[in-house]
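> next come a sequence and a model predicted from it.
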Amino acid sequence: MELYRSNYMVLNFFAEQELFVELWFSTSEKMSDEMFKREMLTVLKMMKIHKPTKYLVNTKDFLFAIHIDLQKWLFQNYLIHFEELGILKAAFVMSKEFIVQLAIEQSVDEDVKELFQRNYFATYNEALEWLNS
């Protein structure tokens, strides 16, 4: 079920699998820092409503660079809530741009090592298979 759509992303929830899917578009390259924050807070709001245990983030077309200050913001205002939300596993489908991907991985890996299982994949199907294992 589609929960949210913007110029930058779409959010879906599959209740039977307790799976939340976040798909980013290439238009994300044009986001401001404030728009990125608003989008992430929207994701958090939808997670609080639907309570997934699995989270798949498709960043293949994510082109917004997450600088160090935003990485800190992301942890303090978003990732820190995963444990209380009940997120057990998160799979990330890698973006096309290495620098952007590095920023995504750093923003997740630095501070959430103990909060939930996570892994990185080249395809959506690989990520889904791991989440459902």
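Received, thanks. Note that the structure is a prediction, hence the values are computed from the model and not measured.
> give me the helices and strands touching the one helix or strand E129 maps to, please.
According to DSSP states H and E, E129 maps onto helix 124-131. Packed against helix 124-131 by the contact rule (3 or more CB pairs under 8 Å, 6 or more residues apart in numbering; DSSP states H and E) you find strand 54-58, strand 89-93, strand 117-121. The way it works is simple: take the backbone N, C-alpha and C, and place the C-beta from them, glycine included.
> can you give me the buried ones in the biggest helix by length in the chain?
Secondary structure of the chain per DSSP state H: the longest helix is helix 33-50. By 16 or more other CB atoms under 10 Å, the buried positions in helix 33-50 come out as 36-37, 39-40, 43-44, 46-47, 50.
> now those as JSON lines including pLDDT and distance to K89?
Putting the buried residues of helix 33-50 into JSON lines (pLDDT from 0 to 100; distance: CB to CB, whole Å) gives the following:
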{"residue": "F36", "pLDDT": "98", "distance to K89": "24"}
{"residue": "K37", "pLDDT": "98", "distance to K89": "25"}
{"residue": "E39", "pLDDT": "98", "distance to K89": "22"}
{"residue": "M40", "pLDDT": "97", "distance to K89": "19"}
{"residue": "V43", "pLDDT": "98", "distance to K89": "16"}
{"residue": "L44", "pLDDT": "97", "distance to K89": "17"}
{"residue": "M46", "pLDDT": "98", "distance to K89": "18"}
{"residue": "M47", "pLDDT": "97", "distance to K89": "14"}
{"residue": "H50", "pLDDT": "97", "distance to K89": "16"}
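> make TSV out of those residues and add distance to F121.
Output for the buried residues of helix 33-50, formatted as TSV (distance: CB to CB, whole Å):
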residue	distance to F121
F36	23
K37	26
E39	22
M40	21
V43	19
L44	23
M46	22
M47	20
H50	23
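> of the helices and strands packed on helix 124-131, which shows the lowest average pLDDT?
When those are compared by mean pLDDT, strand 117-121 comes last with a mean of 81.
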